[in-house]
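Colleague: no sequence on this one, just coordinates:
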Ligand SMILES: CCc1ccncc1CNCCCCSC[C@H]1O[C@@H](n2ccc3c(N)ncnc32)[C@H](O)[C@@H]1O
């Protein structure tokens, strides 16, 4: 579609969503990380010059590490890449750098490779960077165990044989660190932190959990950890212990690799340095490329990488007994018990006191200690997405909403009394078409005289709403679930029954990622047909601000004109540059504000035709800036007016929304006092912007 009509905004937004998915953003971060590139290049050169003449690059991505090996003089270089898009990209890059004939790239997963079918003989060196924030997330352990058994020359004791006859891996190993932290921002995304919102008591919500849990029983619907850039978390975090070494791994020792996952788990002692409630365990690592080069993902270092976060779930209503014996400053999770319903469930294993020595396998202990804390004795918990959990914890949003609904219902009642015909017992029909888990239908139903329809679909979530209705004395018949699972937008918005119309429809208009929800305006124009009705929200005001942010640039494209490690890579991968950045925390984004916040746009949901299609907005850059900065992007947020007076901001402190930013195609040279002209364009629900001096 883009090729046919490059200016068609809807197609452009879809391309952005696809490009974001096809080429992960970290390819740009990696290629822009010059230190990382140089360290890998050095380690590869050293290995090749010491005799490793045949090389396999596992997970080649753009092909950069394989090209380093070739340039360092390796006689045979092979590479494999499981992603089709990256495989094709690597082929383009390698041939564009004149190495097409000398690097053999395979579109396959290393685990499927065999000698001699795929590579003629075993290689002396495997290079790879198939690691994620939690180290193991890209399957490096499995890949290396398979490589040692099938693709690498056997590991010889060095002195007996020359280097080229023995196999080895870059990176040579990794050290994993952990640290207990207190962090409200993580807490509010992974557990219920409030007891009452919008006039509803949440006491009977039952157990609510985020999809992140390290429970001992591997449950594929749950992920063991999430990732955060600790240095960019709003409100920061407090370290509750010193960083401790959780694990050392030698990637050149296949027995150790195989042993890791089958070892017994023991307890873990964490020396406490600061008291406070434990919200999560942060984990990072050092990747030892060789004896002298290592990469670190430690927070606050100038690493661009995120850390792995293991939230600690303490189930609501339980009393978690943790003997935080600060005797000789050791936090002992060793005697952990859960008091539930008066019954004490001892979670602890035999105390680690018996073998207080250095633990053989702390990484697995880490997980078991956490599993202890999170052992899900109660099977009947309900999983909410992190954003749904943060929304649930957002008192301000629900209270604002409750005010708006109360005003609306009383207005409707007033209208009724004026029309003597209508009987005072008439019910008002309210439909909540919010995506995902939403309490708004309950808040509407709690006003009385309201029949609320919720579009919550998942059974477990409907159970939670029913439980909350009962415990908040909302009559069962005031809440119904509407058209579950129907794909048809028109159907969802049809009337509940022939004679009735909806009195109000609740739309949630801004996606958690920070963009206006796709098809919002189409949905809004659908519902505006028929009798004039009050909708919540009634309008959305879009704000923006010009900023200069190196971090955003590093995540969006390979920067600079000079080649990467001497290779011409940028033009190829930059074709996947996506100007729209989502899920940002604007409050902690490293950036320089180049203008005041400016009202860019008003979306009037009650009159969808009234919206502007293009709009000129003058923006000034404050005079304080010294160097003529590049204004390279503007960040977006929204004020959502639930009615003409009540509004919630997507930038507010406890907001569950993240922000979006639009990176300009070409950075604009601006200097203080300039006037920039932003052209804001709304086509259906897709906002696109461009800036001209
Ligand atoms: C300090 C490094 C760091 C620290 C923390 N966070 C991120 C990083 C940066 N590394 C991210 C790379 C992560 C993605 S891996 C790179 C490419 O390799 C491909 N692949 C992965 C496994 C695999 C396989 N067995 N066989 C063939 N191909 C494979 C992926 O399809 C991807 O294109």
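Modeller: Thanks, I have the structure now. The model shown is predicted, which means the values in this text are computed figures rather than measured ones.

Colleague: For the ligand, give me its nearest residue in the chain.
Modeller: Closest to the ligand within the chain is residue 59: 2.4 Å, counting by CB to the nearest ligand atom. For every residue, glycine as well, the C-beta is placed using N, CA and C.

Colleague: Quick check: pLDDT value at that residue.
Modeller: The per-residue pLDDT reported for residue 59 equals 98.

Colleague: Wait, it touches residue 81, no?
Modeller: Yes: Residue 59 is within contact range of residue 81, at 6.4 Å (criterion: CB atoms under 8 Å).

Colleague: Measure how buried the residue of the chain closest to the ligand is and give me the count.
Modeller: Counted with other CB atoms under 10 Å, residues neighbouring residue 59 total 22.

Colleague: Likewise for residue 34?
Modeller: Residue 34: 12 neighbours (other CB under 10 Å).

Colleague: Show the model's pLDDT score for it.
Modeller: The model's pLDDT for residue 34 equals 93.

Colleague: That one: what's it in contact with?
Modeller: Counting by CB atoms under 8 Å, 6 or more residues apart in numbering, residue 34 makes contact with nothing.

Colleague: Packing partners of the biggest helix by length in the chain?
Modeller: Scanning the chain for the longest helix, with DSSP state H as the assignment, gives helix 395-418. Other helices and strands packing on helix 395-418, by 3 or more CB pairs under 8 Å, 6 or more residues apart in numbering; DSSP states H and E, are strand 196-197, strand 428-432, helix 440-445, strand 504-506, strand 534-536, strand 647-649.

Colleague: which is the next helix or strand following the longest one?
Modeller: By that I understand helix 440-445. Downstream of helix 440-445, the next assigned helix or strand under DSSP states H and E is strand 450-454.

Colleague: Could you identify the helix or strand that succeeds the host helix or strand of residue 666?
Modeller: Using DSSP H and E, the element containing residue 666 is strand 659-669. As assigned by DSSP H and E, the chain's next helix or strand after strand 659-669 is strand 675-683.

Colleague: Next, the angle strand 659-669 makes with that next one.
Modeller: Put simply, strand 675-683 runs at 140 degrees to strand 659-669, going by axes from the mean of the first three to the mean of the last three CA atoms, to 10 degrees.

Colleague: Can you give the strand pairings for strand 675-683, parallel or anti for each?
Modeller: Counting by DSSP bridges, the strands paired with strand 675-683 are strand 614-620 (antiparallel), strand 686-692 (antiparallel).

Colleague: buried sites along that strand?
Modeller: Buried residues in strand 675-683, defined by neighbour count with 16 or more other CB atoms under 10 Å: 676, 678, 680-683.

Colleague: pLDDT added to those residues, as CSV?
Modeller: Listed next are the buried residues of strand 675-683 as CSV, based on pLDDT from 0 to 100:
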residue, pLDDT
676, 78
678, 79
680, 78
681, 76
682, 74
683, 73
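
Colleague: Kindly reformat those as CSV containing distance to the ligand.
Modeller: Output for the buried residues of strand 675-683, formatted as CSV (distance: CB to the nearest ligand atom, whole Å):
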residue, distance to the ligand
676, 35
678, 34
680, 35
681, 34
682, 35
683, 33
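
Colleague: and stretch 175-182, what's its mean pLDDT?
Modeller: Per-residue pLDDT over stretch 175-182 has a mean of 86.

Colleague: what about that stretch, near the ligand?
Modeller: No: Stretch 175-182 is not in contact with the ligand by CB under 6 Å from any ligand atom; minimum separation 12.1 Å.

Colleague: What lies in contact with that stretch?
Modeller: 135, 230, 237-249, 270, 272, 276-286, 288, 298, 331, 363, 366.

Colleague: And stretch 287-304, by the same measure?
Modeller: Outside of stretch 287-304, the residues within contact range by CB under 8 Å, 6+ apart are 29, 32-33, 35-36, 39-40, 42-43, 46-47, 129, 131, 133, 170-175, 177, 229-231, 243, 282, 284-286, 305-307, 551, 554.

Colleague: In strands, which of those residues appear?
Modeller: 170, 173-175, 177, 282, 284-286, 307 (DSSP state E).

Colleague: ok, back up a step: the inter-axis angle of the longest helix of the chain versus strand 428-432?
Modeller: Here helix 395-418 runs at an angle of 150 degrees relative to strand 428-432 (the same axes, to 10 degrees).

Colleague: Pull the distance from helix 395-418 to the chain's centre.
Modeller: Offset of helix 395-418 from its chain centre (CA atoms, centre = their mean, to the nearest Å): 35 Å.

Colleague: Other residues contacting it?
Modeller: Contacts of helix 395-418 (CB under 8 Å, 6+ apart): 194, 197-200, 391, 422, 424, 426, 428, 430, 439-440, 443-444, 447-450, 503-504, 534, 536, 642-643, 646-648, 652, 654-656.

Colleague: With stretch 685-693 instead?
Modeller: In contact with stretch 685-693 (CB under 8 Å, 6+ apart) are residues 9-10, 12-13, 515-522, 542, 544, 546, 600-601, 619, 631, 634, 636, 662, 664-665, 668, 670, 674-681.

Colleague: Buried ones among the residues you listed?
Modeller: Buried positions within these, assessed by neighbour count (16+ other CB under 10 Å), are 9-10, 12-13, 515-518, 520-521, 542, 544, 546, 600-601, 619, 631, 634, 636, 662, 664, 668, 670, 674, 676, 678, 680-681.

Colleague: all helices for the stretch 451-600 of the chain, in order.
Modeller: 459-471, 489-493, 520-528, 550-556, 570-573 (DSSP state H, counting those that start in this stretch).

Colleague: which secondary structure elements does the longest one contact?
Modeller: Meaning helix 459-471. By 3+ CB pairs under 8 Å, 6+ apart, helix 459-471 packs against strand 200-201, strand 381-383, helix 440-445, strand 479-481.

Colleague: So which of those is the most surrounded?
Modeller: Sort the helices and strands packed on helix 459-471 by mean neighbour count, taking mean count of other CB atoms under 10 Å, and helix 440-445 sits at the top with a mean of 27.

Colleague: which regions of the stretch 401-550 of the chain lie under the pLDDT threshold?
Modeller: For the stretch 401-550 of the chain, the stretches flagged by pLDDT under 70 are 420-424, 483-500, 526-533.

Colleague: mind redoing it with 50?
Modeller: 485, 498-499 (pLDDT under 50).

Colleague: can you check the chain too?
Modeller: Residues of the chain that meet the cut-off, pLDDT under 50, sit at 214-217, 265-267, 269, 314-340, 345-376, 485, 498-499, 623-628.

Colleague: Correct me if wrong, but residue 95 is in a helix.
Modeller: Yes: according to DSSP: H, G, I helix; E, B strand; the rest coil, residue 95 belongs to a helix.

Colleague: related to what we said a few turns ago, generate JSON lines for the ones in strands among the contacts of stretch 287-304, with neighbour count as supplementary columns.
Modeller: Below are the ones in strands among the contacts of stretch 287-304 laid out as JSON lines (neighbours: other CB atoms under 10 Å):
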{"residue": "170", "neighbour count": "27"}
{"residue": "173", "neighbour count": "18"}
{"residue": "174", "neighbour count": "21"}
{"residue": "175", "neighbour count": "17"}
{"residue": "177", "neighbour count": "19"}
{"residue": "282", "neighbour count": "24"}
{"residue": "284", "neighbour count": "25"}
{"residue": "285", "neighbour count": "26"}
{"residue": "286", "neighbour count": "18"}
{"residue": "307", "neighbour count": "28"}
